[in-house]
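J.: Quick one, fold the following:
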Amino acid sequence: MDHREIIQILNEKKKICLLIDASKYATILTNDSFKFEECLRIISKLTSDLRIINKILNKKSPKDKITSLTNILLQLYGCMLALTNGDVSQENSNDKNNIESNSIKFVKGKYGKPLLESSMPIKFSMTTDKLFSSMFLTKGLEDTEVGIDVANVINYCGSNCIDLFRDIFTEQEFNYLSTSPNATTELQKARLFTKYWSFKESYSKYTGEGLNCAFQKVNFGELTIEDDTTIKTYDLHDDIGLVLNFYSKWIDSNRVLTVCYKCSNDHKDNYIVHKRIDLRDVLNYLNGADIFD
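T.: Numbering: from 1, shown residues only. As a prediction, this is how the structure comes out:
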């Protein structure tokens, strides 16, 4: 992955979605404590917030530790790219030394959502699944928060799942989920439910409210199971006075990824660029050396 490509997309498109699947590094990071600790040291060099390290170490299972580790590394990587001076020439593709000396700082929003402490208009949102992490990153979109969520069909609990989570759906959504002619098989029902869930969660990430979000106030109507071919705009004016953009994409057979951000007249696009990056490339960029050699 050419890091300058990501910087250029941020400069031109103002937004990007970054994805990491760390599964191929799970064994080595589980069995080699030195390499895992080296990753922690890289994080500690970039931010003085020890709570980030503790958050990783407090995870119980090795997979959860690696997922959390990957998520933080991606968060730092994306923010470092966004903080560069915007010159994507080879000589000035980033200003890492300056960023490292100042250290990256995060603050908590009203509901605990992490925010980058910067004078630049940079916003991000993070989401994880097992050994998978994604970041929705924007630069230059004024006065807006962002949200992202990955949802997995394996978490669908069968036909009673819709009834079990009845209180998060509007009446229109619930009726469509229950009777949609486009979701007659169990797999189709699972995929449709999962997509709705991802939409709802991405909105809660946007507000920062998490599970305290008033999900039932947000009506997405009749969603399709397939990928969104364009960015969709939802007018939530009647309930909360807000117009938001959503873009959803199946990133593999089980997982759907949805992003959410406030509408901007200056930067209207038909899609969000998704870039898959390798954990090794992220660590090389942050550390300046390959720890897996």
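
J.: count of neighbours near the closest residue to Leu192 other than its chain neighbours?
T.: Nearest non-adjacent residue to Leu192, counting by C-beta to C-beta, 6 or more residues apart in numbering: Ala183, 4.4 Å away. Placement of C-beta: from N, CA and C, glycine included. Using other C-beta atoms under 10 Å, Ala183 is surrounded by 18 other residues.

J.: Ala183 and Leu131: what is the separation?
T.: Between Ala183 and Leu131 the distance is 28 Å, computed by C-beta to C-beta, to the nearest Å.

J.: Which residues does stretch 59-72 contact?
T.: Residues external to stretch 59-72 that are found in contact with it (C-beta atoms under 8 Å, 6 or more residues apart in numbering): 20, 22, 25-26, 29-30, 36, 39-40, 43, 52, 55-57, 126, 128-133, 279.

J.: let me redo that: stretch 107-122
T.: Here stretch 107-122 makes contact (C-beta under 8 Å, 6+ apart) with 75, 79, 82-83, 104-106, 123-126, 137-142, 145, 205, 207-210, 212.

J.: Go ahead and build a PyMOL selection from the buried members of those residues.
T.: In PyMOL, a selection of the buried entries from the contacts of stretch 107-122 looks like this (16 or more other C-beta atoms under 10 Å):
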select buried, resi 75+79+82+83+104+106+123+124+125+126+137+138+139+140+141+145+205+207+208+209
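
J.: Show me the contacts of stretch 107-122 that map onto strands.
T.: Among the contacts of stretch 107-122, DSSP state E puts Phe106, Lys123, Phe124, Ser125, Met126, Leu137, Thr138, Lys139 in strands.

J.: Any chance of the residues you listed in CSV with pLDDT as columns?
T.: Compiled in CSV, these are given as follows (pLDDT from 0 to 100):
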residue, pLDDT
Phe106, 90
Lys123, 94
Phe124, 96
Ser125, 97
Met126, 97
Leu137, 97
Thr138, 94
Lys139, 92
